[in-house]
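Novice: any chance you could fold what I've pasted below:
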Amino acid sequence: MALIINHHERILMIDIGTNGEIVYKGPEGCYSTSTAAGPALEGMNISCGMRAHVGAVERLDMDSDGKWTLEVIGNIEPQGFCGSGLLDGVAKLLDKGFIGKTGRFNKKNLSAVPAFRDKKFYFSDHVYLSQKDIRQVQLAKGAIASGIRILLKHVGVDYPTEFDRIYICGSFGYHLRETTIRRIGLLPQGIQGNMVFSGNTSLKGASMMITDPTGLERMETVTANVKSVELSNDEHFQEVFVKELNFFMKKLGSECCFPVKKESIIRTFIGQYRPQVHYDLKDFNELMETLESKK
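Specialist: Residues are numbered from 1 along each chain as shown. Now for the predicted structure:
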């Protein structure tokens, strides 16, 4: 970071993974925070989830005829989803209107879709997404998006805002598509800027430090001035997190939120946990199902 950031540019860096690290660098200084996104983005705790190795769906698309094209590591029959394939799947289901703004399967739109059966959406004979899987993605993307929102609020950056560059860091992030990141809401809707997929920035930074005579000094200068922001100390965390659980619905042209009464109940549930502690998915899923079943 110290070697590539121009002091006059406004930069956002996000390392997407189980622990999402977020760094802001701009005229106000350098600020960082982290949020517990959970293991779903790495294919864990997903019905057909797996690590990114042979047999994992890493990317998928749907043509105009509704036929799925799955890119599978090793070019064999799909065995499950790794993180990038999981997010692609959710993004495409959103595009087709098969998932609603609150993350629930839209059974009306799915009534005539053969791939939807037993409350699961099948992308192949044995690879599917369940309602529980979508909830996992919501918790993960909500954690990262709310972390970004709160960090920028702490710095005093207006929202929405535009950055000179948005770096997506880490080996997992390198395999994501910008359209997918924006579609599922890993980035809040108001965040714009040129997205750069940087790969393993830790390794690159170590290499640059060794080869650049001034690298170590410059890194030490930057790290000494990074201010850490603790999300759990922010009184608005619950409110922001609840809003970021929702998916953005393109056809509405605006941010979609849970009804006020439901949002209050969800916020009370979230208040039982601190931002750095993983939520009990079973309890969360039961809460959401109960709320969505009410008229």
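Novice: most distant residue from the middle of the chain?
Specialist: Farthest-out residue of the chain from its mean C-alpha position, per Cα atoms, centre = their mean: Pro213, at 36.7 Å.
Novice: phi first, then psi, for that residue.
Specialist: Note on Pro213: its backbone torsions stand at phi -60, psi -30 [degrees, to the nearest 10].
Novice: tell me how many other residues crowd Asp125.
Specialist: Residues near Asp125, counting by other Cβ atoms under 10 Å, number 8. From N, CA and C alone the C-beta is placed, and that goes for glycine too.
Novice: ok, Glu244 touching Leu186?
Specialist: No - counting by Cβ atoms under 8 Å, Glu244 sits too far from Leu186 to count as a contact (9.6 Å).
Novice: who has more neighbours out of those two?
Specialist: Ranked by neighbour count (other Cβ under 10 Å), Glu244 and Leu186 place Leu186 first, with 27 against 24.
Novice: leaving out the residues flanking it, which one is nearest to the more buried one?
Specialist: Nearest residue to Leu186 in three dimensions, chain neighbours excluded: Lys141, at 4.9 Å (Cβ to Cβ, 6 or more residues apart in numbering).
Novice: helix or strand right after the helix or strand containing the one you found?
Specialist: Assigned by DSSP states H and E, Lys141 belongs to helix 131-155. Note on helix 131-155: by DSSP H and E, the next helix or strand toward the C-terminus is strand 161-169.
Novice: buried stuff in the helix holding Lys141?
Specialist: 131-152, 154-155 (16 or more other Cβ atoms under 10 Å).
Novice: rewinding a little: which residues do Glu244 and Leu186 both contact?
Specialist: Lys141, Ala145 (Cβ atoms under 8 Å, 6 or more residues apart in numbering).
Novice: wait, Arg222 touches Cys30, no?
Specialist: No Arg there; residue 222 is Val. Yes - between Val222 and Cys30 a contact is recorded at 6.3 Å, counting by Cβ under 8 Å.
Novice: who has more neighbours out of those two?
Specialist: Remark: of Val222 and Cys30, Cys30 carries more neighbours, 21 against 16, as counted by other Cβ under 10 Å.
Novice: pull the CA atoms of the host helix or strand of that one into CSV?
Specialist: Assigned by DSSP H and E, Cys30 belongs to strand 29-36. Taking Å, rounded to 0.1, in the frame of the first residue of the first chain, the C-alpha atoms of strand 29-36 are listed here in CSV:
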residue,chain,number,x,y,z
GLY,A,29,-5.2,10.4,6.3
CYS,A,30,-5.1,6.6,6.4
TYR,A,31,-7.8,4.6,8.3
SER,A,32,-8.4,0.9,8.6
THR,A,33,-10.9,-1.5,10.1
SER,A,34,-11.8,-5.2,9.9
THR,A,35,-15.1,-7.1,9.9
ALA,A,36,-16.0,-10.7,10.4
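Novice: other SSEs contacting the helix or strand following it?
Specialist: Reading on from strand 29-36 to the C-terminus, the next helix or strand found by DSSP H and E is strand 56-62. In terms of contacts (3 or more Cβ pairs under 8 Å, 6 or more residues apart in numbering; DSSP states H and E), strand 56-62 is packed against strand 68-72, strand 80-81, helix 83-95.
Novice: what pairs with strand 56-62, parallel or antiparallel?
Specialist: Paired neighbours of strand 56-62 in the sheet (DSSP bridges): strand 68-72 (antiparallel), strand 80-81 (parallel).
Novice: rounded mean pLDDT for that strand, please.
Specialist: In this model, strand 56-62 carries a mean pLDDT of 94.
Novice: just stretch 29-45 next, same as before
Specialist: Mean predicted confidence for stretch 29-45 is 91.
Novice: need the contact list for the nearest residue to Lys204 once chain neighbours are set aside.
Specialist: Once flanking residues are discounted, Lys204 sits nearest to Ser198: 7.3 Å by Cβ to Cβ, 6+ apart. With contacts defined as Cβ under 8 Å, 6+ apart, Ser198 is in contact with Tyr167, Ile168, Cys169, Gly173, Tyr174, Lys204.
Novice: got it, and Asp61?
Specialist: Neighbouring residues of Asp61 by Cβ under 8 Å, 6+ apart: Trp68, Thr69, Asp88, Lys92.
Novice: what is the nearest of those residues to Ala56?
Specialist: Lowest distance from Ala56 to these (Cβ to Cβ) belongs to Asp88, with 11.8 Å.
Novice: please report how far the residue nearest to that closest one when sequence neighbours are not counted lies from Ile184.
Specialist: Nearest residue to Asp88 in three dimensions, chain neighbours excluded: Leu60, at 4.9 Å (Cβ to Cβ, 6+ apart). Distance, Leu60 to Ile184, using Cβ to Cβ, to the nearest Å: 14 Å.
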